[in-house]
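1. Take a look and give me a structure for this.
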Amino acid sequence: NWRAFGDRGVFAGGYGSATVNTIEYINITNTSNVTDFGDLAATQMSGAAVTNGSRGVFGGREGNPGVFEYITIATPGNASTFGTAIERRYDVGSASGRGRGLIAGGTDNTQSGAYRTLIEYITIATTGNGTTFGNLSWTGTDSGQSGAPGAIAGVSDDIRAIFGGGHHAGPNYFDQMEYVTIQTPGDSVVFGTLTVARHTPAGVSNGFRGVYGGGQTAHSPSAVYSNTLDYITIATTGNGTDFGDLAIGGGRRSLAGAHNSTRGVFAGGYKGSQEDTIEYITIATTGNSVDFGNLSEVKHGTVATSGN
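-> Okay, here's the model as predicted:
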């Protein structure tokens, strides 16, 4: 019984004309625009978002790099301090299950800008700092270079967390997916490959099927943004399969994904300009996305989680 989702989807932070600290929410079962939830203590973007179904935890770059903040998903209000991450980084992959939140990969939020393989975890019900879980193995060379991945996305059930996509050093984009067992610290192992190599997609899951949407597939001579949706069966290793397309906001990167047991929602993003589009899919049924509503402003790098 996978519990790390619910009907309230919550979006935090992001970058529009500037980095923001806003938190806003939707009821995933009903199409609509967002409603104000509260504020983060500091502006942030492109960070982590994890949940145990009742508490949501966010962490990212900008105002308080390396600091986790939390909310009670059922009760609108401002976020409170949760703890501190082991590494200050952004463009991470995050996933939730059995009360744990996992944060993986990303880019160092210091002047070095180095890519990271660390996987750390938090116990969401108890405030505290991150703990070492393991490392991403990430030996894939899809675009000609192996190495630690930035700009990845995570999906999960109550047993496995799967991290996919990403990039390393400029034009080197990954199609690789790797997984860990959430309750067993250790390094990741190969799961399969996505249908398209890309960075900064978003991931959603109904606890059985995971869907990756959007991302950037090239940056030179001009940027190319993907509208691809592909899916995996989380319990079974293998490659991604075509699901459909992001049909409302189109191809874009740095979008957010939230979900309940039926729907996956994709919001915001960047495709040369910011987006405020929210669109949804029915996760159990392949097909293109459908219009849901809009964020309060155009932005990318907002992060999302869900619960009740």
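
2. Gln44 in helix, strand or coil?
-> Judged by DSSP: H, G, I helix; E, B strand; the rest coil, the three-state class of Gln44 is coil.

3. can you count the residues close to it?
-> 30 (other Cβ atoms under 10 Å). For the C-beta atoms, the positions are set from N, CA and C on the backbone; glycine is no exception.

4. how close does it get to Ala18?
-> 12 Å (Cβ to Cβ, to the nearest Å).

5. what does Gly150 give?
-> 22 Å.

6. of these two, who's got more company?
-> Ranked by neighbour count (other Cβ under 10 Å), Gly150 and Ala18 place Gly150 first, with 26 against 9.

7. right, and the more buried one touches Asp91 too?
-> Yes: counting by Cβ atoms under 8 Å, Asp91 is a contact partner of Gly150 at 4.6 Å.

8. any residues in contact with both of those two?
-> The contact sets of Gly150 and Asp91 overlap at 105-107, 199 (Cβ atoms under 8 Å, 6 or more residues apart in numbering).

9. And the buried ones among these, selectable in PyMOL?
-> In PyMOL, this line selects whichever of the shared contacts of Gly150 and Asp91 come out buried by 16 or more other Cβ atoms under 10 Å:
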select buried, resi 105+106+107+199
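
10. Might you list the low-confidence residue ranges for the stretch 101-250 of the chain?
-> Within the stretch 101-250 of the chain, the stretches with pLDDT under 70 are 111-112, 139-147, 170-171.

11. please redo it, this time with the cut-off set to 80
-> For the stretch 101-250 of the chain, applying pLDDT under 80 flags the ranges 109-113, 138-148, 169-172, 220.

12. Check which helix or strand Gly244 maps to.
-> Applying DSSP states H and E as the criterion places Gly244 in strand 241-245.

13. now swap in Ser220 and tell me
-> Going by DSSP H and E, Ser220 is not in any helix or strand.

14. That'll do, ta.
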